[in-house]
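**Student:** Predicted model and sequence below, questions to follow.
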Amino acid sequence: MRLRRQIGAYHDAALIYAAVKLRLPERLEDQPRTADDLAEKLGLSAPHVHRLMRGLVAAGICEELPEGAFVLTEAGLSLKTGAPSRLAEKATIVVEQYWRPWAELIASLETGRPAFEQAFGRDVRDWRRANAEQGALFAAYLAGESHAQAKPISDALDLADVRIVAEIGGSHGGLLAALLEAHPHVTGVLLDEPYALSAAVPFFQSLGLADSAHLVGGDVLEAIPVTADLYLLKGVLQNFDDERAAAILRNCRAAMQGAARLAVIERLLPARASEDASAILLDLHMMAITGGRLRRRAEIDALLAEAGFARVKATPLSSGPTLFEAH
């Protein structure tokens, strides 16, 4: 029965995706609506909308009232675009960017390359550059997640003597924004590709941090034209194979001056799969989408050493990843 539920999980994901794309959470937020009403406003077939709505009831997204109208459940409310849960964005990314590569997972085993390339004909970085809207959606989702999960990182980092913090490959700068909020004396620099930075300005403006952060467009694999006291790499290395991960670290090393420090935040690969199932799935996700991988602590240390860094300490965080500090 567990396997049957796992195999059939695509039903719920597809229903949620349809609800998000039709913006049903926004349309049902203020009042219950019938399928006929929704169909008229959306220009869709009323009988088919009615069947979809009953499917959303079965998925726990809506409730069906005695008079036949539909209302959102608490779960349905969390699917509003821009809600703190970011589940609407996640559902869109999963279906539009991840489903096809995961369906082609065997291609990774056959070629040693990301299944994303089999599904979309190019690697994920090139695809997101060419599809700027999709790239910006992913970057915005990532920034929101980083901002929400930043407190353990902020608490673990000593920024007393830091004046400039640079987040490298930080999309919209979720971690950087959280650090700027917690440490008003700090100025921030965000380096990433233009598609990832496209909505960083309104993101920082929404937090009242527009004057505290400077945006720099660039490719972390080419160079890091940023001078800072502290460089941050959160979940960046896991997106790349060892050769490219080492190149990023070497670029950081080349940019650093004086007593500058590096902070690397990465989810570690457990010794046994049963110890951390979510890390195992994330490692597979990197295999399928980016061609990267999760690493063990010794492997992170080896990459740092190869790039000329000396690790100062490694701090496991309550949120799951480990913080590596090096200079």
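**Tutor:** Sure thing, it's come through.
**Student:** what's the neighbour count on the residue lying closest to H185 once chain neighbours are set aside?
**Tutor:** Nearest residue to H185, sequence neighbours excluded (Cβ to Cβ, 6 or more residues apart in numbering): R163, at 7.2 Å. Every residue, glycine included, has its C-beta placed from N, CA and C. Using other Cβ atoms under 10 Å, R163 has 12 other residues around it.
**Student:** Repeat that for K80.
**Tutor:** Neighbours of K80 (other Cβ under 10 Å): 19.
**Student:** just to revisit the earlier point, distance of the residue nearest to H185 relative to G174?
**Tutor:** Distance check for R163 against G174: by Cβ to Cβ, to the nearest Å, it reads 21 Å.
**Student:** Please name the residues that touch P225.
**Tutor:** 191, 216, 218, 255 (Cβ atoms under 8 Å, 6 or more residues apart in numbering).
**Student:** Strands along the chain, start to end?
**Tutor:** Along the chain, counting by DSSP state E, strands occupy 62-64, 70-72, 164-168, 187-192, 213-217, 230-234, 261-266, 311-316, 322-326.
**Student:** Before we move on, what's the pLDDT of N131?
**Tutor:** pLDDT, N131: 94.
**Student:** Would you confirm that T81 contacts A19?
**Tutor:** No. Using Cβ atoms under 8 Å, T81 is not in contact with A19, being 11.1 Å away.
**Student:** picking that back up, W99: which of the strands of the chain is closest?
**Tutor:** Minimum separation from W99 across the strands of the chain (Cβ to Cβ) falls at strand 62-64, 23.3 Å.
**Student:** tell me the average confidence for the closest one?
**Tutor:** Mean per-residue pLDDT for strand 62-64: 97.
**Student:** What lies in contact with that strand?
**Tutor:** Here strand 62-64 has contacts from 28, 53-54, 56-57, 70-73, 76, using Cβ under 8 Å, 6+ apart.
**Student:** in its sheet, what does it sit against?
**Tutor:** Note on strand 62-64: by DSSP bridges, its sheet partners are strand 70-72 (antiparallel).
**Student:** List the contacts of the partner strand.
**Tutor:** Contacts to strand 70-72, defined as Cβ under 8 Å, 6+ apart, come from residues 25, 28-29, 32-35, 38, 53, 56-57, 61-65.
**Student:** and those, which of them are in helices?
**Tutor:** Cross-referencing the contacts of strand 70-72 against helices under DSSP state H gives 25, 35, 38, 53, 56-57.
**Student:** Among the residues you listed, which pair sits farthest apart?
**Tutor:** P25 and A35 (15.7 Å).
**Student:** got a list of what S278 touches?
**Tutor:** G320.
**Student:** how about the strands of the chain in a markdown table, adding distance to L180?
**Tutor:** What follows is the strands of the chain, written out as a markdown table (distance: least, Cβ to Cβ, whole Å):
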| stretch | distance to L180 |
| --- | --- |
| strand 62-64 | 40 |
| strand 70-72 | 35 |
| strand 164-168 | 8 |
| strand 187-192 | 5 |
| strand 213-217 | 7 |
| strand 230-234 | 12 |
| strand 261-266 | 15 |
| strand 311-316 | 21 |
| strand 322-326 | 18 |
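**Student:** Figure out which of these is closest to L179.
**Tutor:** That would be strand 164-168 among the strands of the chain, by Cβ to Cβ, at 5.7 Å.
**Student:** Relative to the closest one, what are the paired strands and their orientations?
**Tutor:** By DSSP bridges, strand 164-168 pairs with strand 187-192 (parallel), strand 230-234 (parallel).
**Student:** Turn the ones you listed into CSV, including mean pLDDT.
**Tutor:** Below are the strands paired with strand 164-168 laid out as CSV (pLDDT from 0 to 100):
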stretch, mean pLDDT
strand 187-192, 96
strand 230-234, 97
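**Student:** Please pick the buried ones from the contacts of strand 70-72.
**Tutor:** Among those, those buried by neighbour count (16 or more other Cβ atoms under 10 Å) are 25, 28, 32-35, 38, 53, 56-57, 61-62, 64.
**Student:** Considering these, which is situated nearest to A196?
**Tutor:** Distance to A196, by Cβ to Cβ, is smallest for P25 among the buried ones among the contacts of strand 70-72, at 26.4 Å.
**Student:** contacting residues for the closest one?
**Tutor:** 19, 72, 76-77, 79-81, 88.
**Student:** ok, now with 7 Å
**Tutor:** 19, 72, 76-77, 79-80 (Cβ atoms under 7 Å, 6 or more residues apart in numbering).
**Student:** Number of residues surrounding G121?
**Tutor:** Per other Cβ under 10 Å, the neighbour tally for G121 reads 9.
**Student:** no, scratch that, I was asking about N131
**Tutor:** The burial count assigned to N131 is 16, neighbours taken as other Cβ under 10 Å.
**Student:** center of this protein - which residue?
**Tutor:** Centroid-nearest residue in the chain, with Cα atoms, centre = their mean: L142, separated by 3.0 Å.
**Student:** Go ahead and confirm that one touches S171.
**Tutor:** Yes. At 4.5 Å, L142 counts as touching S171 under the criterion of Cβ atoms under 7 Å.
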